[in-house]
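Q: Quick one, fold the following:
(one chain, ligands or ions: 2)
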Amino acid sequence: MSHAPQGRLRFLTCGSVDDGKSTLIGRLLFDTKQVFDDQWQTLRSDSRRFGTQGEAPDLALLVDGLQAEREQGITIDVAYRFFSTPKRAFIVADAPGHEQYTRNMAVAASTADCAVVLADARKGVLTQTRRHSRIVALMGVKRVLLAVNKMDLVGWDAARFAEIAADYAALAQTLGLTVQAVPLSALGGDNLTARSAQTPWYDGPTLLEWLEQAPLCRQDDEAPLRLPVQLVLRPSSEFRGYCGTVAQGRVRAGDRVRVQPSGVKATVAAVRIGFEEVAQAGPADAVCVTLQEERDISRGDVLVAADSPIEQAEQFHAHVVWVGEQPLLPGRPYWLKLHHRTVGAVVSSLRHVVDVDTGAHLSAREVAMNGIAAVHLSVDRPLPFMPYSASRELGNFILIDRLTQATVGAGMIDFALRRDSNLHWQALAVDKAARAALKHQQPRCVWFTGLSGSGKSTLASLLEKNLHAQGRHTYVLDGDNVRHGLNRDLGFTEGDRVENIRRVAEVARLMVDAGLMVIVSFISPFRAEREWARSLFAPGEFVEVFVDTPLAECERRDPKGLYAKARRGEIPAFTGISSPYEAPLNPEFLVQTTSATPEALAEQIAQSL
Ligand SMILES: Nc1ncnc2c1ncn2[C@@H]1O[C@H](COP(=O)(O)OS(=O)(=O)O)[C@@H](OP(=O)(O)O)[C@H]1O
Ligand SMILES: Nc1ncnc2c1ncn2[C@@H]1O[C@H](COP(=O)(O)OP(=O)(O)O)[C@@H](O)[C@H]1O
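A: Ligands and ions are numbered 1, 2, ... in the order given. Prediction:
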């Protein structure tokens, strides 16, 4: 094998179940397997240099799918296979076309340079073909080979091939894909690795020729440097190295760099790959950079060319592929991880859900598993980023459930929202401490949660009376009254409850900032929102009170007759009956209303404040 491969092309294959995908991949592997051993050696030596598996080959080097997603650990059903020819090495990702295909395909496509879309010559372009092509295009793949397979079963009919190719070309145009259609038979090996005698009328490339020539995505070493910091190495007080994989551009000793988001500048002292000092490094190189100056840099920062910063924002327009079992709900807090930076995030608005069959934009209030949506995202700290179209490494993120730590979404940033740069937090001369001092009190948010009829309102009202009598400045936010004003537009779906609590928590925060002792009394059935509410306050400021009255007792009390109605089926999604209540795991107070009077309970809580 005298020729060095021209880089390593990653592609994915997609098609409907019977289109012949496995045969095609099997054939490719079989026809090229004579060099497989050589390549395996390369992988082994690569693994020793860059890998994390010691002597064993680090397959992750082949499969660095959604980077963050992999670190997070989520099972994605994608098979990666490896083969090579004298011209090039290939990694083919095979995403099963059946269940969960959206998320599997999205993950596979997120690192692919191109895609091979199969169509059965007898069936032509099907709904599935459209669906897969749309997902592939959304994930940033620009080039597609349309493999019109089973041409032998249509008698190698040139007209049939031309018809399918034209059909697909029309779709490709709407998706912004560049297409090469190839007539082939995976079974017979025609036009796969060798030109077929059956298609004298076809003068385009074979499938393999096309793959050998297809441009790689990651070749942008002309671009300014972008190096997300994955790890800060400090083996001794003398040495501080910043490690990560170069996303774009080159880095050399002497280069001026800027640290984002802080903005401080520094000069590169040395660049290492493994233990070796190198003159320079480029895209996809895993490097360790040292600086001449001492700087405060941590994981999640990005080193960029000093004169060419990337954007930073807190609000984005993005696309999300939802992989969570629970639906995506606007207003619910998630963690967002972009390159190596993790921040708090909420979907501030759900713009639309994409119908993958037709491309239509549908309005929706939540996104189910495998759904794809356009959203506005708001994060709690400035995030250096690039649009996904300009950099997959700096433009793709994952969303993580705050409670289970499971990955629930994979996303692509489209652009920062303009309003972001015009919104500035007002620093005011009089602050919370000053306001609280004037009132001679410690501001607090006392958060009552529990079933309807558990006793929240009764206790909240008694607590306020008690505090007021001590000269405290208080305010009660109660579900029943807030739902008549600020939250009049909200009902009792999961999404509406999430938004209900989000708004109330924000209002409570403002009131605590005003120096008040705020008492919140809402069912607030979900842990995620209560935990997020807690995160808005300083340590010790948020006091969660779980009014732990058994459902049977609440139902017996039924102060508003709602349980009776709910049992008769007249109220849909009633908490405790037909809608869930997630009890707090570590509340500051657990209150049992069946064994003490409301007055005694309120007194106990007041004492502790
Ligand atoms: N479907 C359904 N489920 C639960 N509750 C219902 C429902 N429909 C109306 N109500 C009445 O609304 C009050 C609860 O509102 P909240 O804002 O506290 O609910 S939530 O936190 O958004 O879940 C609740 O008041 P409380 O009894 O004070 O809890 C009920 O009176
Ligand atoms: N120890 C107690 N604490 C609070 N409420 C109690 C207690 N014992 C009985 N109750 C009764 O339970 C009912 C609770 O209703 P409410 O305070 O409106 O509940 P919620 O606001 O949680 O829906 C009231 O009728 C109240 O008098």
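Q: Tell me which residue of the stretch 101-250 of the chain lies closest to ligand 2.
A: Per Cβ to the nearest ligand atom, the residue of the stretch 101-250 of the chain with the smallest distance to ligand 2 is R103, at 39.9 Å. All C-beta atoms are positioned from the backbone trio N, CA, C, and that covers glycine.
Q: That residue looks like it's in a strand, true?
A: No - if the criterion is DSSP: H, G, I helix; E, B strand; the rest coil, then R103 is helix and not within a strand.
Q: OK, contacts around it?
A: With contacts defined as Cβ atoms under 8 Å, 6 or more residues apart in numbering, the neighbours of R103 are 76, 321, 323, 369-370, 410.
Q: closest to S378 among those?
A: A410 (18.4 Å; Cβ to Cβ).
Q: just checking, what packs against the strand or helix carrying the closest one?
A: Counting by DSSP states H and E, the element that carries A410 is strand 407-416. Packing partners of strand 407-416 (3 or more Cβ pairs under 8 Å, 6 or more residues apart in numbering; DSSP states H and E): helix 67-72, helix 101-109, strand 311-322, strand 333-338, strand 372-385, strand 396-401.
Q: how much space between D307 and ligand 2?
A: 60 Å (Cβ to the nearest ligand atom, to the nearest Å).
Q: so where is the protein shaky, pLDDT-wise?
A: Judged against pLDDT under 70, the low-scoring parts of the chain cover residues 1-6, 17-18, 33-77, 96-100, 218-221, 419-428.
Q: about what we covered before: so what strands line up beside the strand holding A410?
A: The sheet places strand 407-416 alongside strand 311-322 (antiparallel), strand 396-401 (antiparallel), with pairing taken from DSSP bridges.
Q: and the angle for the last one with strand 372-385?
A: Right, strand 396-401. 110 degrees (axes from the mean of the first three to the mean of the last three Cα atoms, to 10 degrees).
Q: and strand 396-401 with strand 333-338, angle?
A: Relative orientation of strand 396-401 versus strand 333-338 (the same axes, to 10 degrees): 150 degrees.
Q: For strand 396-401, buried residues please.
A: Residues of strand 396-401 classed as buried under the neighbour-count rule (16 or more other Cβ atoms under 10 Å) are 396-401.
Q: what's the nearest residue to L536 if we skip its chain neighbours?
A: Nearest residue to L536, sequence neighbours excluded (Cβ to Cβ, 6 or more residues apart in numbering): R509, at 4.6 Å.
Q: Tell me the spacing between the one you found and ligand 1.
A: Between R509 and ligand 1 the computed distance is 17 Å (Cβ to the nearest ligand atom).
Q: Name the residues linked to the residue nearest the centre of the chain by a beta bridge.
A: Among the residues of the chain, the smallest C-alpha distance to the mean C-alpha position (Cα atoms, centre = their mean) belongs to I398, namely 1.9 Å. Under DSSP bridges, the beta-bridge partners of I398 are K337, A410.
Q: Would you mind measuring from it to G411?
A: Applying Cβ to Cβ, to the nearest Å, one obtains 7 Å for the distance of I398 from G411.
Q: which neighbours do these two share?
A: L336.
Q: interface residues of this structure facing ligand 2?
A: Near ligand 2, the residues belonging to the chain are 450, 452-459, 521, 557, 559, 593, 596-598, 601 when assessed by Cβ under 6 Å from any ligand atom.
Q: of those, buried ones?
A: 450, 452-459, 521, 593, 601.
Q: Save the helices and strands packed on strand 407-416 as a markdown table, and put in distance to A538 too.
A: Listed next are the helices and strands packed on strand 407-416 as a markdown table, based on distance: least, Cβ to Cβ, whole Å:
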| stretch | distance to A538 |
| --- | --- |
| helix 67-72 | 29 |
| helix 101-109 | 38 |
| strand 311-322 | 21 |
| strand 333-338 | 18 |
| strand 372-385 | 15 |
| strand 396-401 | 24 |
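Q: Ligand 1: which of these is closest?
A: Taking the helices and strands packed on strand 407-416 one by one with Cβ to the nearest ligand atom, strand 333-338 is closest: 15.5 Å.
Q: quick check: angle from the helix or strand just after that closest one to strand 311-322?
A: Past strand 333-338, heading to the C-terminal end, the next element that is a helix or strand (DSSP H and E) is strand 341-354. Angular relation of strand 341-354 and strand 311-322 on a 0 to 180 degree scale: 50 degrees, by the same axes, to 10 degrees.
Q: Which elements pack onto strand 341-354?
A: Using 3+ Cβ pairs under 8 Å, 6+ apart as the contact test, the elements touching strand 341-354 are strand 311-322, strand 333-338, strand 361-362, strand 372-385.
Q: Which parts of the stretch 451-600 of the chain are helices?
A: In chain order, the stretch 451-600 of the chain shows helices spanning 456-469, 479-482, 494-513, 527-535, 551-557, 562-567, 598-608, with DSSP state H, counting those that start in this stretch as the criterion.
Q: Relative to S378, which of those helices is closest?
A: In terms of Cβ to Cβ, the element of these nearest to S378 is helix 494-513, at 11.1 Å.
Q: now the contacts of R103 in a markdown table, with neighbour count?
A: A markdown table is the format used below for those (neighbours: other Cβ atoms under 10 Å):
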| residue | neighbour count |
| --- | --- |
| I76 | 20 |
| V321 | 28 |
| V323 | 25 |
| M369 | 17 |
| N370 | 17 |
| A410 | 26 |
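Q: the domain parsing of the chain - what is it?
A: 8-213, 226-305, 312-416, 432-607 (the TED database).
Q: and among the helices and strands packed on strand 341-354, the most buried is which?
A: Ranked by mean neighbour count, those are led by strand 333-338 with a mean of 23 (mean count of other Cβ atoms under 10 Å).
Q: Measure how buried A89 is and give me the count.
A: Burial measure for A89: 21 neighbouring residues, criterion other Cβ atoms under 10 Å.
Q: That one contacts R81, correct?
A: No - between A89 and R81 there is no contact under Cβ atoms under 8 Å: 11.6 Å.
Q: Can you get me the start-to-end distance on stretch 253-265?
A: As for stretch 253-265, its first-to-last residue distance stands at 14 Å under the measure Cα to Cα, to the nearest Å.
Q: now swap in stretch 189-197 and tell me
A: Taking Cα to Cα, stretch 189-197 runs 11 Å from one end to the other.
Q: contacts for it?
A: Residues from elsewhere that reach stretch 189-197, judged by Cβ under 8 Å, 6+ apart: 24, 27-28, 31-32, 151-152, 182-186, 188, 198-199, 202, 206-208.
Q: dump the residue contacts of P580.
A: Neighbouring residues of P580 by Cβ under 8 Å, 6+ apart: 525-526.
Q: now do K265
A: 256-259, 306.
Q: Would you check that the residue nearest to L536 makes contact with W447?
A: No - counting by Cβ under 8 Å, W447 is not a contact partner of R509; they are 11.6 Å apart.
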